[in-house]
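Participant: Model the structure of this input:
(2 chains)
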Amino acid sequence: MAANTLQRFTTNMKKNAFLFQELVNRDFQQRYKRTVLGMAWSVLSPLLQLLVMMIVFSRMFGHNVEHYVIYLFAGNIVFSYYSESTNNGMASLMGNAGILSKINVPKYLFLLSQNVSALINYALTIGIFFFFCIIDHITFTPAFFMLWYPVLCLLLMNIGIGMVLSALYVFFRDIQYLYRVFLTLLTYLSAIFYTLDSFSPFVQRLFLLNPVYANIKYWRVIVLEGVVPSAGFHLLLAFDAIVFLAIGALFYKKFNHRFVYYF
Amino acid sequence: MSVIECNDVSIRYITGDFKSIGLKEFVMRKLTNNFHVTEFWADRHVTFSIERGDMLGIIGSNGAGKSTLLKAISGIMIPTGGSIKVNGKMAALLELASGFDAQMTVKENTYLRGAMLGYTREFLDEKYKEIIAFAELEDFQDHMFKQLSSGMQSRLAFSIACLVDPDILILDEVLSVGDGAFRKKSGDRMKEILAGGTTGVLVSHSIDQVREMCNKVLWLDHGNQIAFTDDVQLYCDAYDEFLMTKELPQNEDDIHRLADGFLKRRQAEAKKHQEAEAKRLQQVIEDGHSEAAVLTAIRILQKSKPEALASEYTGAAE
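Facilitator: Next up, the predicted model:
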């Protein structure tokens, strides 16, 4: 009996893995194959953003920051990844309503595949980022090897937030617009183009309540200061990731069978 | 052991202020105590069970709750009340043409859909040619899915879904897919699967199909179970009459009355048809220009309706 269950479990895993591959393949195609520029666009778009921000902000905020372009770029790529990943995640249930209401498939796979394709895109922009680091004479220290950590934490957090948003989006269509407003606010609260130097230490700590800012900060400490952040900082990032992942999992557990009624 | 057992299954949708108003309005209305939802029961207290080898036909007019019930049986929905037990591997052929990716090729879509239906990659590699051949899409494998006609799209959907040898086969109006030739082919394929002892559940608007294929019938109306029976012909007769009169049977007597009504109506129709035919033939006899035509008409009429033939012609054909 136990062997039987185990066997069923492994075949299930195998089937899900196959479906997951196919979904990632589909999302990848939707993103890259259908545009003339293909992958080049996902590199060009953050570069254009960076260019505009550089022109506009370096005069205002850039005077007293060393390597301002890198400072700006680090904030920009993390935030873009966060916003893209959660936005895509939000649509992952409704966008596949036609399938989910006809075939009994694990719903979370659709969200995960969206996250994977956003992650691939993130990896591309990180490549460009390193290229800029070389141009700007940043010293590559061994601390750079820890950069997988904020990426992983943000990935997990994005999955959690994507779960919450995609669930809410099934019930409330205006979440899309509300979240867009929220993202704009979050952009300004993430210290992407300005520094926190002029704030009191207390306010600077408050900023760390914003998980996206905490993630950006981790990047900047490694890239600009060349050291690995404190253990407490690691805990903070892990805490954010786990909390959102747990909330997301709860949402899916609670509503998993209710979604179909609202498509 | 029954293969499918539905025990007092009820399925409720929530409608009214919800999806349409959005989160802002939802919060506001909750705060002002002005939030109202209405319940809609798609199925109410449906109870039946079928055994291995049975073919169940679910009948009922639009909005009777047939498709919702199938969704519950196939595990897509969890019923609000009651329980469903299913023993065996199930293949559900619901209306499947939706959910393909328009921008991907036929081949990619085949693999994606196969993965969703729970096939493995090895299985698809092995069966891919067969799927395409069955759907008759050999020349379109690398075309974008959106370039296919809607009939081709449904054909592909059907071909992918019907590949398996399930213990339980669920069919929702899928036997009316494609053109005449494909319809025959898909019907044959279904019969082939069912002949192997597979248990089937069929939703169909064609009452003749139900008569032909099913040995049990579940009759739903606005979510309520009117009947679950193995007297297929009687209940199909009654259902047919119900469609004309819109008179819902309350008990066994009503069923018999409806079935009688149906038979009478059919007899009357047959008689009317025959009379019209006789009239036409008589016309030929009277106005016929060629002798052969007149003779043939007399001969047919003699056989089918001798009393309609005027006496002077009775011997004419010999």
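Participant: State the helix or strand in which B:Asn7 lies.
Facilitator: B:Asn7 belongs to strand B:4-16 when assigned by DSSP states H and E.
Participant: Show residues contacting that strand.
Facilitator: A:261, B:36-50, B:56, B:65, B:68-69, B:72-73, B:77, B:79-87, B:168, B:199, B:201, B:223 (Cβ atoms under 8 Å, 6 or more residues apart in numbering or on different chains). Just so you know, the C-beta spots here come from the backbone N, C-alpha and C atoms, and that holds for glycine as well.
Participant: is it true that B:Ile131 touches B:Thr110?
Facilitator: Yes: taking contacts as Cβ atoms under 8 Å, B:Ile131 lies within contact range of B:Thr110: 6.0 Å.
Participant: what do those two both touch?
Facilitator: B:Leu156, B:Ile160.
Participant: of these two, who's got more company?
Facilitator: Higher neighbour count among B:Ile131 and B:Thr110: B:Thr110, with 25 against 22, using other Cβ atoms under 10 Å in any protein chain shown.
Participant: Would you mind giving the secondary structure of that one?
Facilitator: helix (DSSP: H, G, I helix; E, B strand; the rest coil).
Participant: Now do it against B:Thr120, distance only.
Facilitator: Going from B:Thr110 to B:Thr120 by Cβ to Cβ, to the nearest Å gives 14 Å.
Participant: Partner strands of the strand holding B:Asn7, with direction?
Facilitator: Applying DSSP bridges to the sheet, strand B:4-16 is found paired with strand B:37-50 (antiparallel), strand B:81-86 (antiparallel).
Participant: what's the offset of it from the middle of its chain?
Facilitator: 21 Å (Cα atoms, centre = their mean, to the nearest Å).
Participant: Okay, buried residues for it please.
Facilitator: Under the neighbour-count criterion of 16 or more other Cβ atoms under 10 Å in any protein chain shown, strand B:4-16 has B:Ile4, B:Glu5, B:Cys6, B:Val9, B:Ser10, B:Ile11, B:Arg12 buried.
Participant: Then stretch A:174-186?
Facilitator: Buried residues in stretch A:174-186, counted by 16+ other Cβ under 10 Å: A:Ile175, A:Gln176, A:Tyr179, A:Leu186.
Participant: sorry, back to before: in TSV: the buried residues of strand B:4-16, plus distance to B:Leu163 and pLDDT.
Facilitator: Putting these into TSV (distance: Cβ to Cβ, whole Å; pLDDT from 0 to 100) gives the following:
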residue	distance to B:Leu163	pLDDT
B:Ile4	22	91
B:Glu5	27	91
B:Cys6	27	91
B:Val9	29	91
B:Ser10	34	92
B:Ile11	30	91
B:Arg12	35	88
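Participant: What's the separation between A:Phe73 and A:Val105?
Facilitator: Taken as Cβ to Cβ, the span from A:Phe73 to A:Val105 is 39 Å.
Participant: Have a look at these two and say which one is more surrounded.
Facilitator: The neighbour comparison of A:Phe73 against A:Val105 (other Cβ under 10 Å) goes to A:Phe73, with 26 against 20.
Participant: before we move on, what SS does B:Ala92 have?
Facilitator: strand.
Participant: Distance of it relative to A:Ser101?
Facilitator: 12 Å.
Participant: These two: which is more packed in?
Facilitator: Neighbour totals were compared for B:Ala92 and A:Ser101, and B:Ala92 leads with 24 against 18 (other Cβ under 10 Å).
Participant: What does the pLDDT read for the closest residue to A:Val116 other than its chain neighbours?
Facilitator: Leaving out its chain neighbours, the residue that sits closest to A:Val116 by Cβ to Cβ, 6 or more residues apart in numbering or on different chains is A:Val24, at 5.1 Å. On the pLDDT scale, A:Val24 is placed at 90.
Participant: Please tell me I have it right and A:Tyr194 contacts A:Asn64.
Facilitator: No: in this structure, A:Tyr194 is not within contact of A:Asn64 by Cβ under 8 Å, at 11.1 Å.
Participant: With neighbour numbers in mind, choose between those two.
Facilitator: A:Tyr194 (18 against 8).
Participant: For the helix or strand hosting A:Ser45, which helices and strands make contact with it?
Facilitator: Assigned by DSSP H and E, A:Ser45 falls within helix A:39-61. Packed against helix A:39-61 by the contact rule (3 or more Cβ pairs under 8 Å, 6 or more residues apart in numbering or on different chains; DSSP states H and E) you find helix A:68-90, helix A:108-135.
Participant: on that earlier part again, dump the next helix or strand after the strand holding B:Asn7 to CSV, restricted to CA.
Facilitator: Counting by DSSP H and E, the element after strand B:4-16 in chain order, helix or strand, is helix B:22-31. Taking C-alpha atoms only, helix B:22-31 is exported to CSV below (Å, rounded to 0.1, in the frame of the first residue of the first chain):
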residue,chain,number,x,y,z
GLY,B,22,-14.5,45.5,-7.2
LEU,B,23,-12.6,45.8,-3.9
LYS,B,24,-13.1,49.5,-3.2
GLU,B,25,-16.9,49.2,-3.5
PHE,B,26,-16.9,45.9,-1.7
VAL,B,27,-15.2,47.5,1.4
MET,B,28,-17.5,50.5,1.2
ARG,B,29,-20.7,48.4,1.0
LYS,B,30,-19.5,46.1,3.8
LEU,B,31,-18.9,49.2,6.0
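Participant: Let me see the mean pLDDT of helix B:22-31.
Facilitator: 83.
Participant: Relative to the whole chain's centre, how far out is that helix?
Facilitator: On Cα atoms, centre = their mean, the centre of helix B:22-31 falls 42 Å from that of its chain.
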